[in-house]
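Visitor: What follows is a predicted structure for the sequence shown.
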Amino acid sequence: MKSFAQKFGCKVFDQRVMKERLPKETYKSLKASMDHGRSLDPEIASIVASAMKDWAVENGATHFTHWFQPMTGITAGKHDSFLSPQGDGSIILEFSGKELIKGEPDASSFPNGGLRNTFEARGYTIWDCSSPAFIKEGTLYIPTAFCSYTGEALDTKTPLLRSMEVVNTQALRVLKLFGNHTSTRVIPTVGAEQEYFLVDRKNYEDRLDLKICGRTLFGAKPPKGQEMDDHYCGRIRLRIADYMRQLDDQLWQYGINSKTKHNEVAPAQHEMAPVFDSANVATDHNQLTMELMRSVAKQNGLACLLHEKPFEHINGSGKHNNWSLSTDDGINLLDPGKTPYENMQFLIFLCAVIRSIDKYPELLRLTAASPGNDHRLGANEAPPAIISIFLGEHLTATLQHIADGVAEEKSSNGVLNTKVTILPNLPKDDSDRNRTSPFAFTGNKFEFRMVGSSASIASSNWVLNTIMAESLETFADILESTDDFDRDVRLIVHETMYHHGKVIFNGNGYSEKWVEEAERRGLPNISNSVDAAKAFIMDKSIELFQRYGIFTPKECESRYEIMLENYIKTISIEANTMLEMTKRQILPAAIKYVGDISASYNEVTSSGVENKAMLKLVNQLSSMIDCVHDIMEILEQEVNAAHTNDLWQTAVNYRDKVIPQMESLRNCVDAMETITSSEYWPMPTYTDLLYRV
Ligand code: ADP
Ligand code: MG
């Protein structure tokens, strides 16, 4: 049997396989395209395609697919076989360079916002050779970007790739100014920690809300939630451990560096963290990870919930997007080194981050906005909806000293003296003290903690890359034309702290006081995804995206529309699921129960015994049934009235009119659940879901 190390990446057409199977010159040319984003010679593509097909067929593949990431949040692709009939009954297996480079799926069936009128139904998928192809269930998957006939981006990957280019260009300019002439490329690196829930498949199948919406729309508070703090990093149950082992085995075969696994805070909640990779590979890997999490769960009689808030009363799930910039020769540009005060290059990159986040908080917030995440942000389990940066006291003080032009005291604060001679003195990392910040410096990278668990990480990263490009360009412009480099570097630090320092916050992000303080500082607090969507059509966003070629104004408008459409559809499906469950499961069950108690009561009474409790229960349940029925009717009216000809108004109606009724209905049903016999209750309860895994 092969060890896991031998199996690692066995399903991937990675550089090892390329080197082995491609002629030397072809490999060199492909590698140059991969590393430097150069377009590939069509002749080279034919040789690569042929080698890829041979490898895929030897490894059991019969089909290939252009794998892409439309704006549905999940991945897509149609599968074509390699088969080519010869007319005499025989076949040969074919895969041309053209088929590798370009595909033509029908674009009209994917979300495209207002763009749908401006392009033919045809869309193109274009090979992203910097993310490796792989085999899954008998198909060769080729990672691609998805564009319209006229070149407009229809996916999450195209803007990501575009943003990686622009940040590379501007970061290289800054590096040169600091005397680095050896690095030839700057690559955003990303590590996405992924939270998820596992529940028993049978329970999942028995809940319409989980099946249709991915979250429970009803469910009374269980007697035990997460109050004992006994789940986080606790012992992993055997069935879950087995699942994690199988998941790792799969992830490793796909070359995904799954590194850490543990139980999370809520019961039935877990986490997986991979080793970081370049932003586009990390994005592809995260999509694949979510798919594998679901399929391995199904094979094991479990269901994996990736929704941001599957359960009320306990924590929801997020994704931590760890982000940094690295050179092709391995220098992490956000690594402060031992003496940050002297490491001015690091401080310039750090200032670029501070300036970017303070200038475009709405855009970063936008990338964490979804109907699911609306339940989570600011709910004392995830960062508030206010974007701020945690730097730690030490780093903040260093910047402030430079900004104020005073020499830094050589405090021992910056060094963690282990007092053990065998251990080196480490720069003190005070970042771990704060887990409540949405955007925290964690030693040599930033951790964006707002992202929802089911979201693609692409948008967070194209925003980070693009806003960084803008700040780095501004700094490079200043420093390229300076007559006093050191003075202007300090001036940049000064200006950054003076104009953008307000975004730095090292305190408790979960506290009420911070909400007030943030308001005083003028930081936006965007509490829901309808308002968040507006960031796409703010003048400064449109200008930024246009300037760096990430989106045209039309593309911005279309993405805004897609977000609102998605919001409307999601809430509408949830409301309709609630109505169906109420009408066809919950009310019939409660009516039957109250009928049966009434019959029992009549029996008891006719035998001459008087029982007050039974009568009380009948009364209580009857009035709850009335209440549920009344709210259900109001909810139905609100859903019917929500749709208007105006997309924005419709979204607002769902947010302000439909959701409050959904909440009322839930409250009433949950109260009824607590006094209804478990024999009659028509679905598994929270205790069943969270503790019977
Ligand atoms: P913690 O568990 O405290 O959040 P870790 O050091 O375990 O911190 O890192 C969490 C994630 O950050 C991992 O996915 C890791 O690979 C990623 N990471 C580490 N360094 C970088 C980097 N330079 N760029 C991007 N991600 C990184
Ligand atoms: Mg983390």
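Guide: Sure thing, it's come through. Ligands and ions are numbered 1, 2, ... in the order given.

Visitor: check contacts around G138.
Guide: 60-63 (C-beta atoms under 8 Å, 6 or more residues apart in numbering). Yep, even glycine has a C-beta here, placed from its N, CA and C like the rest.

Visitor: Closest to K19 out of the residues you listed?
Guide: A61 (20.3 Å; C-beta to C-beta).

Visitor: tell me the secondary structure for the closest one?
Guide: At A61, secondary structure determined by DSSP: H, G, I helix; E, B strand; the rest coil is coil.

Visitor: That one against L140, yeah?
Guide: Yes. Using C-beta atoms under 8 Å, A61 makes contact with L140 at a distance of 4.8 Å.

Visitor: quick one: which of the two has more around it?
Guide: Remark: of A61 and L140, L140 carries more neighbours, 27 against 23, as counted by other C-beta atoms under 10 Å.

Visitor: What is the helix or strand harbouring the more buried one packed up against?
Guide: Using DSSP states H and E, L140 maps to strand 139-148. With contacts taken as 3 or more C-beta pairs under 8 Å, 6 or more residues apart in numbering; DSSP states H and E, strand 139-148 sits against helix 42-58, strand 63-67, strand 123-127, strand 134-136, helix 157-177.

Visitor: switch to 6 Å and redo it
Guide: strand 63-67, strand 123-127, helix 157-177 (3 or more C-beta pairs under 6 Å, 6 or more residues apart in numbering; DSSP states H and E).

Visitor: Of all those, which one is nearest ligand 1?
Guide: helix 157-177 (13.5 Å; C-beta to the nearest ligand atom).

Visitor: between the closest one and strand 63-67, what angle do the directions make?
Guide: 60 degrees (axes from the mean of the first three to the mean of the last three C-alpha atoms, to 10 degrees).

Visitor: ok, and for helix 157-177, which residues are buried?
Guide: For helix 157-177, the neighbour count (16 or more other C-beta atoms under 10 Å) marks 157-164, 166-168, 170-175, 177 as buried.

Visitor: And for stretch 325-336?
Guide: Quick answer for stretch 325-336 (16+ other C-beta under 10 Å): 325-327, 332-336.

Visitor: and stretch 649-666, how far apart are its ends?
Guide: Start-to-end span of stretch 649-666 (C-alpha to C-alpha, to the nearest Å) is 25 Å.

Visitor: who's in contact with that stretch?
Guide: With contact meaning C-beta atoms under 6 Å, 6 or more residues apart in numbering, stretch 649-666 is reached by 218, 530, 564, 567-568, 571, 575, 578, 631, 634-635, 638-639, 642-644.

Visitor: Can you turn the buried subset of those residues into a selection I can paste into PyMOL?
Guide: Selection of the buried residues among those in PyMOL, burial being defined by 16+ other C-beta under 10 Å:
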select buried, resi 218+530+564+567+568+571+575+578+631+635+638+639+642
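
Visitor: ok, H285 - how many residues close by?
Guide: For H285, using other C-beta under 10 Å, the count is 24.

Visitor: surely it meets S258?
Guide: No. Applying C-beta atoms under 6 Å, one finds H285 not in contact with S258, separated by 9.4 Å.

Visitor: shaky segments in the stretch 351-500 of the chain?
Guide: Applying pLDDT under 70 to the stretch 351-500 of the chain flags the ranges 380, 407-433.

Visitor: Which residue does it have closest to ligand 1?
Guide: Counting by C-beta to the nearest ligand atom, the stretch 351-500 of the chain gets nearest to ligand 1 through K445 (4.0 Å).
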